[in-house]
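>>> Structure for the following, please:
(2 chains)
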Amino acid sequence: AQRVTQPEKLLSVFKGAPVELKCNYSYSGSPELFWYVQYSRQRLQLLLRHISRESIKGFTADLNKGETSFHLKKPFAQEEDSAMYYCALRKNSRLTFGEGTQLTVNP
Amino acid sequence: EPEVTQTPSHQVTQMGQEVILRCVPISNHLYFYWYRQILGQKVEFLVSFYNNEISEKSEIFDDQFSVERPDGSNFTLKIRSTKLEDSAMYFCASTGGNSPLHFGNGTRLTVT
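This is a model prediction of the structure:
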C-alpha cells in the first residue's frame, strides 16, 4: 500500500531563510506526487505536481526515486508562505496525504 | 477560476442523527471524492466516485456512509447515524481525470 511520510509536524524559519519541507513515500509503482498548501481557513490548493517540474511561488520539488523523496524547497521564505503543507501521492483514483507540516515564517 | 463549493460550512448534529453534506463539483469534471480530516490528524480518503458509482472506498467508509449524485451538479455524502467520532472536516474534491484534484472549502461537522 502507498504511504506518505512528512517527518516534521512543525517548521519555523525566519523571513529570507531557505526552507525545506521533507516528504518520503513508499509505493511499488511509478509514483505521481503532489504538494498541496492550506492557508489559514482556506481550501487545500495544489502547489506543485512532480510531472510538471515547474516552480510555483518560488517553491520547487524534485522527485528522487532512489531516496523515495519529494522534498519541497524554497531558497528565501516569505511571511505569506506560512501555511500547512501536505505531500500527497496518487495511485489510480486515490490521493494519499502525509501528516502535513505547519510552516511558520517569522519576520 | 471555477471552484468546488460545499454546503453548509458548518453542521452541528446530535449523535444518531442523519446528516447530508453537499458538494457542487467543477462542472466538466468526472471524478468526485470525499476526504475527511479529524482535528489534529491528517487528511484521509473516504471514497471516489465515477460514472455514477463508487470506484474506490477506504476502510473508514462503512455502511453508515453513502454517496450520491442526485442530479447533474450535486454530489452528496450521507452519514446515516452519526457518532461522536464522525466529527471532522469533510472535503469534497473533483478532477477531470489526470488533472490534479480541486478541493472545496470543506464542511465542519460537529456531532454532540
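
>>> mind checking which helix or strand the residue most central in space within chain B is in?
Nearest to the mean C-alpha position of chain B, by CA atoms, centre = their mean, lies B:Trp34 at 3.4 Å. Here B:Trp34, judged by DSSP states H and E, is contained in strand B:31-37.

>>> can you list the residues that contact the helix or strand following that strand?
Where DSSP H and E defines the elements, the next helix or strand beyond strand B:31-37 is strand B:43-50. Defining contact as CB atoms under 8 Å, 6 or more residues apart in numbering or on different chains, one finds that strand B:43-50 is touched by A:44, A:86, A:93-97, A:100, B:30-38, B:54-58, B:60-61, B:65, B:67, B:69, B:75, B:77, B:91. Heads up, the C-betas are built off the backbone N, CA and C, glycines and all.

>>> For the chain, give me the ranges with low pLDDT.
Reading this off chain A. Of all residues in chain A, none has pLDDT under 70.

>>> if you set the cut-off to 90 instead, what comes out?
Within chain A, the ranges that satisfy pLDDT under 90 run A:1-2, A:27-31, A:40-43, A:49-57, A:62, A:65, A:91-95.

>>> got the residues of it near chain B?
A:34, A:36, A:42-46, A:49, A:86, A:92-100 (CB under 8 Å from any CB of the partner chain).

>>> Let me know the pLDDT of the residue nearest to the centre of chain B.
In this model, B:Trp34 is scored at 97, pLDDT.

>>> what pairs with it across the strands?
Here B:Trp34 sits in beta bridges with B:Val47, B:Cys92, going by DSSP bridges.

>>> so what's it up against?
The contact partners of B:Trp34, by CB under 8 Å, 6+ apart, come to B:Leu21, B:Cys23, B:Leu46, B:Val47, B:Val67, B:Leu77, B:Tyr90, B:Phe91, B:Cys92, B:Ala93.

>>> Can I get those residues in a markdown table including neighbour count and pLDDT?
Output for the contacts of B:Trp34, formatted as a markdown table (neighbours: other CB atoms under 10 Å in any protein chain shown; pLDDT from 0 to 100):
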| residue | neighbour count | pLDDT |
| --- | --- | --- |
| B:Leu21 | 23 | 97 |
| B:Cys23 | 26 | 97 |
| B:Leu46 | 20 | 96 |
| B:Val47 | 21 | 96 |
| B:Val67 | 22 | 97 |
| B:Leu77 | 25 | 98 |
| B:Tyr90 | 22 | 97 |
| B:Phe91 | 26 | 96 |
| B:Cys92 | 28 | 97 |
| B:Ala93 | 27 | 96 |
